[in-house]
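Novice: sequence first, predicted coordinates after that:
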Amino acid sequence: MNGPDWTVVTGAGRGLGRALAVELAVRLAAGAAAGSPEAGSRVAALGRDLADLQETAALAAAAGAPGRVVPVLCDLADPAAVRTAFAALQAEAPVLRLVNNAALYPRRDILEETVESFMATVAVNLGGTLATVLAALPAMIAAGRGRIVNVSSFADVAPLPASAAYAVSKGAGRVLGRALQADLADRFPGIVISDWMPGMLATRIGVADGLDPAVAARWGAALALWDDPTLSGTIWEGDREIPPPVGLKRRLVNRLLGRRAVARRLPDPGPRAPGGVPAGVPAGVQTGAQTGAPGSVAGSAAEAKPGGG
């Protein structure tokens, strides 16, 4: 992607969203120092608490990316507010990357839910994702390129107790990703859409002994900055791509032809490399093409778990 643009991160006031905004800002700043054509690119940190968003911007500045994170107050449950926020951003530069991270996880027993409380969770977890995608698509279509990463979850596969609204809304979010792919892939192949499950995180809606969100954010940022069209429609957990189901006939054909799939992996979340992650294949990523089986990967889905946020 060439020229200054916006990367939008929702739910950027704390937890994984904050870590993603900071990591992306640092990588964009490193790219600018290395002469990247995206030297003026910035991160729009969306959220509902201005003080939290300002702290995210301050953390990015302290990490070497001053001015790269711009706080944007926005209630994702309000489609009009989302349209207004995106219009203000688009007036300065196109939004060409979108990381849908924001999520509510109220932990309410179904007997304590009301239709109103249930739908309030859906309004953010599903409605917010749809609202931001619809607001971002016009600029992406005009540019002929774009990157959308939806932070997702397997919570719908085996819902935990007191998580009905979260499980239903996050499961529907994954269906939305597939529906977007069905509508857009053929007409706009430059718009790359992926689902990413960071796993159990040590965040407010995660678990105390979960993964440090700063570690997960390095994988998420790498994925958001990787715009290879073959990534569209892919699902990732942590640093590994989850392969699509393969039928018995295809497995037999692959075996007869000697095709050996190699899992695509994101770079190890060690120290950040100078210059960030370039477009194309990030350093350390293994692709099926290396084994003569383009687009095929190996790996297995892990057990159902809530995503970060």
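Specialist: Cool, got the structure. Keep in mind that this is a model prediction, so the values were computed, not measured.
Novice: quick one: the strands in this structure?
Specialist: Along the chain, counting by DSSP state E, strands occupy 6-10, 42-47, 69-73, 95-100, 146-151, 191-197, 234-237, 240-242.
Novice: need these in TSV (columns: mean pLDDT).
Specialist: Shown next, in TSV, are the strands of the chain (pLDDT from 0 to 100):
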stretch	mean pLDDT
strand 6-10	98
strand 42-47	98
strand 69-73	98
strand 95-100	98
strand 146-151	98
strand 191-197	96
strand 234-237	93
strand 240-242	91
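Novice: buried residues of stretch 53-64, list them for me.
Specialist: Leu53, Glu55, Thr56, Ala57, Leu59, Ala60, Ala61, Ala63 (16 or more other Cβ atoms under 10 Å). Heads up, the C-betas are built off the backbone N, CA and C, glycines and all.
Novice: quick one, helices of the chain?
Specialist: 15-33, 50-62, 79-90, 115-122, 129-143, 164-184, 213-224, 248-256 (DSSP state H).
Novice: just send those back as CSV, with distance to Arg204 and mean pLDDT too.
Specialist: Putting those into CSV (distance: least, Cβ to Cβ, whole Å; pLDDT from 0 to 100) gives the following:
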stretch, distance to Arg204, mean pLDDT
helix 15-33, 6, 91
helix 50-62, 11, 98
helix 79-90, 23, 98
helix 115-122, 15, 98
helix 129-143, 19, 98
helix 164-184, 13, 96
helix 213-224, 10, 92
helix 248-256, 42, 74
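Novice: select, out of those, the one closest to Pro198.
Specialist: Comparison of the helices of the chain against Pro198 by Cβ to Cβ identifies helix 213-224 as nearest, at 4.1 Å.
Novice: so what does that closest one touch, helix or strand wise?
Specialist: helix 15-33, strand 95-100, strand 146-151, strand 191-197 (3 or more Cβ pairs under 8 Å, 6 or more residues apart in numbering; DSSP states H and E).
Novice: distance from the last one to the middle of the chain?
Specialist: Taking the mean of its C-alpha atoms, strand 191-197 sits 6 Å from the chain's own mean (Cα atoms, centre = their mean, to the nearest Å).
Novice: next one: stretch 4-24
Specialist: Worked out by Cα atoms, centre = their mean, stretch 4-24 lies 10 Å from the chain centre.
Novice: what about it, start to end distance?
Specialist: Terminal residues of stretch 4-24 are spaced 14 Å apart (Cα to Cα, to the nearest Å).
Novice: which stretch among the strands of the chain comes nearest Arg108?
Specialist: In terms of Cβ to Cβ, the element of those nearest to Arg108 is strand 146-151, at 21.4 Å.
Novice: since we're on Ala263, how many residues are nearby?
Specialist: Using other Cβ atoms under 10 Å, Ala263 has 18 other residues around it.
Novice: again, but for Ala51
Specialist: Applying other Cβ under 10 Å, we find 10 residues neighbouring Ala51.
Novice: for the helices of the chain, which one ends up most surrounded?
Specialist: Sort the helices of the chain by mean neighbour count, taking mean count of other Cβ atoms under 10 Å, and helix 15-33 sits at the top with a mean of 26.
Novice: ok, now how distant is the residue with the largest distance to the centre of the chain from Pro244?
Specialist: Most distant from the centre of the chain: Leu256, at 36.6 Å, with distances by Cα atoms, centre = their mean. Using Cβ to Cβ, to the nearest Å, we find Leu256 at a distance of 20 Å from Pro244.
Novice: measure how buried Asn100 is and give me the count.
Specialist: Neighbours around Asn100, by other Cβ under 10 Å: 31.
Novice: could you give the bridge partners of it?
Specialist: Asn100 has these beta-bridge partners by DSSP bridges: Asn150.
Novice: how about it, what does it touch?
Specialist: Shown in contact with Asn100 (Cβ atoms under 8 Å, 6 or more residues apart in numbering): Thr10, Gly128, Thr129, Thr132, Val133, Ile148, Val149, Asn150, Val151, Gly173.
Novice: quick one: those as a markdown table, columns for distance to Ala25 too.
Specialist: A markdown table is the format used below for these (distance: Cβ to Cβ, whole Å):
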| residue | distance to Ala25 |
| --- | --- |
| Thr10 | 15 |
| Gly128 | 22 |
| Thr129 | 22 |
| Thr132 | 19 |
| Val133 | 22 |
| Ile148 | 19 |
| Val149 | 16 |
| Asn150 | 20 |
| Val151 | 17 |
| Gly173 | 25 |
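Novice: and the two most separated of these?
Specialist: Pairwise distances across these (Cβ to Cβ) peak at 14.5 Å, for the pair Gly128 and Val149.
Novice: sorry, back to before: out of the helices of the chain, which is closest to Ser194?
Specialist: That would be helix 213-224 among those, by Cβ to Cβ, at 6.4 Å.
Novice: what's the spacing between the closest one and its chain's center?
Specialist: In terms of Cα atoms, centre = their mean, the centre of helix 213-224 is set 9 Å apart from its chain centre.
Novice: now do that helix and strand 6-10, the angle between them.
Specialist: Put simply, helix 213-224 runs at 140 degrees to strand 6-10, going by axes from the mean of the first three to the mean of the last three Cα atoms, to 10 degrees.
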